[in-house]
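In: Have a look at this prediction, sequence included:
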Amino acid sequence: MQIYLPIAEVSVNAFLLLGLGGLVGILSGMFGVGGGFLMTPLLFFIGIPPAVAVATEANQIVASSFSGALAHFRRKTVDLKMGGVLLIGGLIGAALGVVVFNYLKSMGQVDLLVKLCYVVFLGIIGSLMFVESLRALRRARSGDTPKYKRRQRGWVHSLPFKTRFRTSGLYISAIPPVLIGLFVGILSAIMGVGGGFIMVPAMIYILGMPTKVVVGTSLFQIIFVTAFTTLSHATTNYSVDIALAVLLLVGGVIGAQVGTQIGTRMRAEQLRILLAIMVLAVCGKLAFDLLVQPAELYTIGAVGGH
């Protein structure tokens, strides 16, 4: 069933969009990521302009993250105080990111920037995830049970403005969470992502948060930052396509609930390696599209001129 998207100015299959939204929602529920780092490139592939894909995908992430966060609220695995500190940096970063996005759009360079950002970040994240997952699988097969120690980062604990995060069992400076939120907020505005694929590892390895509260806290912060990003894009560059957003939203809400159930039943190592392969495949396709010569080349010249 083909539908016309007025802002994107293209016709697409409605069931394809529902399926893509559902896929991203499943990833959100399983891994605590918004899923935009995969959805936005997938929208490029089906012909959605990058500026519209970035702005509209942020809207879909709000829904899938909210649905996933509800499941974690029920389990009491959300650190609201940590989420609030991350949110302060996230909102500031999102505001800065929208300013940069609009400036580059006025120069006609935003499409290239968005695609280059995706190639770099997906390549790095996908490679790290793949290597780490292979190591985890080897450990599982050999029967090794490594002892995980929470890393005590000296510089984190020596910073001022310390506060206690009771749900996470931490007493650290509020500065690192604000900076992490700031960086993720900028990415959210420029790339149309929730930023969970960077925030989750940062919360574990830099802040030292226990894994059980990381996913829910990440989703909680993503809800508000991406909602702010969507509003900013909608009111400044009018690139949010409501029809596209609704279809992605419906699929995302359903998928997030399914993903939460799958995540509790399947082996984490296998899930991570599948996600890594998917990320690297999308990265490769984007890089290929940037490097290959377009099928149709246009030149500007006078009519009848030689």
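Out: Perfect, I can see it now.
In: for the protein, what are the low-confidence residue spans?
Out: Applying pLDDT under 70 to the chain flags residues 28-36, 58-61, 63-64, 67, 143-159, 192-197, 237, 260, 262-272, 293-306.
In: Grab the longest helix from it for me.
Out: Using DSSP state H to define each element, the chain has its longest helix at helix 110-142.
In: which residues in the stretch 1-150 of the chain form helices?
Out: 14-31, 36-45, 50-74, 80-107, 110-142 (DSSP state H, counting those that start in this stretch).
In: out of the ones you listed, nearest to residue 161?
Out: With respect to residue 161, and counting by Cβ to Cβ, the nearest of those is helix 80-107 at 9.9 Å. Heads up, the C-betas are built off the backbone N, CA and C, glycines and all.
In: Now do the closest one against helix 110-142, angle only.
Out: Helix 80-107 runs at 140 degrees relative to helix 110-142, counting by axes from the mean of the first three to the mean of the last three Cα atoms, to 10 degrees.
In: mind listing what's buried in helix 80-107?
Out: Neighbour-count burial for helix 80-107, counted by 16 or more other Cβ atoms under 10 Å, picks out 81-94, 97-98, 101-102, 104-105.
In: so what does it touch, helix or strand wise?
Out: The contact analysis (3 or more Cβ pairs under 8 Å, 6 or more residues apart in numbering; DSSP states H and E) places helix 80-107 against helix 110-142, strand 162-165, helix 175-191, helix 211-236.
In: Hey, what's the angle from it to helix 211-236? Just curious.
Out: Using the same axes, to 10 degrees: helix 80-107 against helix 211-236 is 40 degrees.
In: If we ignore the residues flanking it in sequence, what's nearest residue 91?
Out: Once flanking residues are discounted, residue 91 sits nearest to residue 228: 5.6 Å by Cβ to Cβ, 6 or more residues apart in numbering.
In: swap that for residue 86, sorry
Out: Leaving out its chain neighbours, the residue that sits closest to residue 86 by Cβ to Cβ, 6+ apart is residue 181, at 4.0 Å.
In: in terms of contact, does that neighbour touch residue 93 like I think?
Out: Yes: at 6.5 Å, residue 181 and residue 93 qualify as touching, with contact defined as Cβ atoms under 8 Å.
In: shared neighbours of these two, anything?
Out: The contact sets of residue 181 and residue 93 overlap at residue 225 (Cβ atoms under 8 Å, 6 or more residues apart in numbering).
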